[in-house]
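Visitor: Build the 3D model from these lines:
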Amino acid sequence: MSTVASDMKVTREDVNPCTVRLTIVCTPDQVRAGFDRALKTLGKKVRVPGFRPGHAPKKMVEDALNPQALYEEAAENIVRRAFDEAVAAQDLNSETTPRIELNKLEKDTDECEFTAQIGLPAVLELADTKGLKATKPKLEVSDEEVNRTLDDMRARSANRTPQAVTDRGVASGDVVVVNLKADGAEEEGKQFMVMAGQTFPALDEALMGMHTEEVKAVTLEYPANFRVNESWAGKTLATQVMVKSISAVQLPDLDDEFAKSLNTENVDDLKSKIREGIMRAKENGLQEMLRDQLLDDLLAKSTVHVSDNTWQAVVDRRLQEMARELGNQRKTIEDYVKETGLTNEEFKARLDEEARVNVRRAVVIQKIFTENDMKITDEDVSRHFMQIAAENGVPQNELDNFAKQFGGQLREEVIFRSMAHKVAALLLESADLTEGDLVSV
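Guide: Numbers count the residues shown, from 1 in each chain. Predicted structure coming up:
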């Protein structure tokens, strides 16, 4: 425990190398001063008969105020000033918005206690970025995949370019990057790529209809020849299934007339185009998978600490996005969690885990990008902007409105994708890649 000049009590806990938690007990003088400032601020907006705004006696102003509004304004005053004083006394270099929890605020007894979780700059000691290991599956497209795609798809669009799917769940024939984590396993889960409808019965059933970033708790009966994790082969395990990305190729019905309208000579030519589309969809999923494998290998060999505030902010944003998306469907997050089969604790733990991993990867990407003096070109910006627009189904004539609507948020995403793309290319240049089979189990 330490004290500052005002005798305010500050108890410090070093949660990890980048996170400090301060428990601060304010002095009675600080509390009284905070309420006085709140009364002056709010009193300017309150009309008391017989007095000009801001000139009424304090007691009359207080009686005219909503008590909750007074407490909220006072808390803002007290906490902000006490926090600044405590951080200065502790000589902390905070680089994220602190997470404040008000434990007690009592006007009658002049008491205020709050906890401030403070994020410090990341600590990174990166290992050699050369020779990182990853498994690269062989990218082959079988006749069965082509025929199955032809059978499953309908004439919805003339666009045969594979795109990330964001407006629907997994359908048969999609290329899906999936993460499986067996209950009790210490590792973060096994991530790999599959063709939906061509894995094994239990996983195919679980995947159908799932959306990107959705998590589901199921019991999977793994086949005896399951190669992703041989220790699971032949076993029945409670498993958390997460869909990382979905790529699809929209194709017409199989007929010569429609094939010709798509500038293909005949059905055989159309099948060839389909094969190429499936291959590109697999390549799209492969690039992200390889990048994450290489980054995770680098993280395992390096020392990387990040503030808890950083990844907790990512979870907060994700929950806000989910609440908004589910609200459009007249659902709540609680409804969604029940549908996944997870408990609230399991669902929250999975979100926390994903956020920690992604934040640590992002910090490493930024460091490698900076240390290698990489630059983002106009071409990079244009390519990734168009990619994001396509993923969100933005038509060509709405691109300007899309850019204005999402402004800074869109700019950050474009910049990060550009950085990640360049860093992934750098890591791949010297990576130790092991050839493996495309998972079709």
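Visitor: I'd like the mean pLDDT over the lengthiest helix in the chain, please.
Guide: For the chain, the helix with the greatest residue count under DSSP state H is helix 267-301. Here helix 267-301 scores 86 as its mean pLDDT.
Visitor: go on, stretch 211-218?
Guide: 93.
Visitor: Next, the buried residues of that stretch.
Guide: Neighbour counts over stretch 211-218 (16 or more other C-beta atoms under 10 Å) mark Thr212, Glu214, Val215, Lys216, Ala217, Val218 as buried. Every residue, glycine included, has its C-beta placed from N, CA and C.
Visitor: Ignoring the adjacent residues along the chain, who's closest to the second one?
Guide: Excluding its sequence neighbours, the residue lying closest to Glu214 (C-beta to C-beta, 6 or more residues apart in numbering) is Val243, at 5.5 Å.
Visitor: Work out for me the element that neighbour sits within.
Guide: In this assignment (DSSP states H and E), Val243 forms part of strand 236-248.
Visitor: for Leu124, same thing?
Guide: Going by DSSP H and E, Leu124 is in strand 123-125.
Visitor: May I have the helix or strand following that strand exported as PDB, CA atoms only?
Guide: Next in sequence after strand 123-125, counting helices and strands by DSSP H and E, comes strand 133-137. Extracted C-alpha coordinates of strand 133-137, given in PDB (Å, rounded to 0.1, in the frame of the first residue of the first chain):
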ATOM      1  CA  LYS A 133       6.900 -23.900 -39.000                       C
ATOM      2  CA  ALA A 134       3.500 -24.500 -40.500                       C
ATOM      3  CA  THR A 135       1.700 -27.300 -42.300                       C
ATOM      4  CA  LYS A 136       0.600 -26.500 -45.800                       C
ATOM      5  CA  PRO A 137      -2.100 -28.800 -47.100                       C
END
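Visitor: how many neighbours does the closest residue to Glu221 other than its chain neighbours have?
Guide: Excluding the flanking residues, the one nearest Glu221 by C-beta to C-beta, 6+ apart is Thr236, at 4.7 Å. Using other C-beta atoms under 10 Å, the number of residues around Thr236 comes to 11.
Visitor: Test my guess that Thr236 contacts Pro223.
Guide: No: contact criterion C-beta atoms under 8 Å: Thr236 and Pro223 do not qualify, at 11.1 Å.
Visitor: Assign Pro121 to helix, strand or coil.
Guide: Using DSSP: H, G, I helix; E, B strand; the rest coil, the structure places Pro121 in coil.
Visitor: What distance do you get for it to Ser307?
Guide: 8 Å (C-beta to C-beta, to the nearest Å).
Visitor: That'll do, ta.
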